[in-house]
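Novice: structure, please.
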Amino acid sequence: MALTLAGAVHSELVIRKSRFLGCVQPVAGRAEALVMVQSLRAQHPGAAHVCWALLAGGQSAANDDGEPGGTAGRPMLEVLRHQQLEGVLATVVRYFGGVKLGAGGLVRAYTDAVAQALLGAQKLPLRKMLQLACIVPYALEGAVRRALQEAGAALGEVRHGDAVEIAFTVAQDASASLVVRLNEAGQGHLQWMPS
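Specialist: A predicted model of the protein is given here:
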C-alpha cells in the first residue's frame, strides 16, 4: 500500500564542512513540486545546489542540479521508492564547504539527508479521492449534507438555483456505500452530475 506524509519534515547534516538541508513533504503533483523547488532557490541564494526527487501522481522525477550525474536526485528518489511513498517531494539544499566528497560521498550525503528527514515523518495510507456532484431538491439538502459529513466527504461548491447542486470529494473506498446512501436519502429525486 502506498503511503504519503502528514506534513513537511526537515533534517540537517554537516559532512566535511558542507551543509545538507533535507526536506520531505506531501505534494499533489509536478507543478506544485516545481513551485516549491523555485521557492527553495529563492530562500537559499547562496546554496551551491538544490537537488530534488518527486514521486507523485504516478510520475517520478529527479534532478541533480549541477552535482555529478546520478549522485543526488536518483539516490533520493530511491529512498522514496524504498519507503513506498507517493505524493511526496524530497529536496536537499547543499551549501558547499570547500571539501569535495566524491561520488560515493555525495550519494551517501543526499540519501542520508532524505532518510534522516523520513525518520521523523508521520506516514499515512494514501487514499485515492473521487470528485462527485449531485442535484437535489431543497427539502433534501440537509439530509445529503449530513450523509456527506458522516462519510467523511469534503464538501465542495454548493449552488442554489431551481435545485441544489452539491459537489464533494470522498475517498474512493468509501464512495460506493456513500452513493447508495445518498440515492436512498434522495428518495428518487437525486440526480448525479457527470464528472
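Novice: determine the three-state secondary structure at residue 68.
Specialist: Here residue 68 takes the coil state, with states given by DSSP: H, G, I helix; E, B strand; the rest coil.
Novice: give me the element the nearest residue to it once chain neighbours are set aside is part of.
Specialist: Of all residues not flanking residue 68 in the chain, residue 103 sits nearest, at 5.8 Å (Cβ to Cβ, 6 or more residues apart in numbering). Just so you know, the C-beta spots here come from the backbone N, C-alpha and C atoms, and that holds for glycine as well. Assigned by DSSP states H and E, residue 103 falls within helix 102-119.
Novice: buried residues, that helix. List them.
Specialist: If you call a residue buried by 16 or more other Cβ atoms under 10 Å, then helix 102-119 has these buried ones: 106-118.
Novice: with stretch 120-139 instead?
Specialist: Neighbour-count burial for stretch 120-139 flags 121, 126, 130, 132, 133, 134, 135, 136 (criterion: 16+ other Cβ under 10 Å).
Novice: what's next to it, contact-wise?
Specialist: The contact list for stretch 120-139 (Cβ atoms under 8 Å, 6 or more residues apart in numbering) reads 1-7, 9, 11, 24, 83, 85-87, 144, 156, 160, 163-173, 175, 179, 182, 186, 189-193, 195.
Novice: of the residues you listed, buried ones?
Specialist: The neighbour-count test (16+ other Cβ under 10 Å) marks 3-5, 9, 11, 24, 83, 85-87, 144, 163-168, 170-171, 175, 179, 182, 186, 190 as buried among these.
Novice: okay, now the unreliable bits of this structure?
Specialist: The chain contains residues with pLDDT under 70 at 1, 195.
Novice: hey, where'd the strands end up in this structure?
Specialist: Ranges of strands in the chain, per DSSP state E, are 3-5, 9-15, 18-26, 49-56, 59-63, 88-95, 123-125, 129-136, 154-160, 164-171, 191-192.
Novice: so can I have TSV of the ones you listed showing distance to residue 77?
Specialist: Formatted as TSV, the strands of the chain follow (distance: least, Cβ to Cβ, whole Å):
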stretch	distance to residue 77
strand 3-5	15
strand 9-15	17
strand 18-26	12
strand 49-56	4
strand 59-63	4
strand 88-95	8
strand 123-125	17
strand 129-136	24
strand 154-160	30
strand 164-171	27
strand 191-192	40
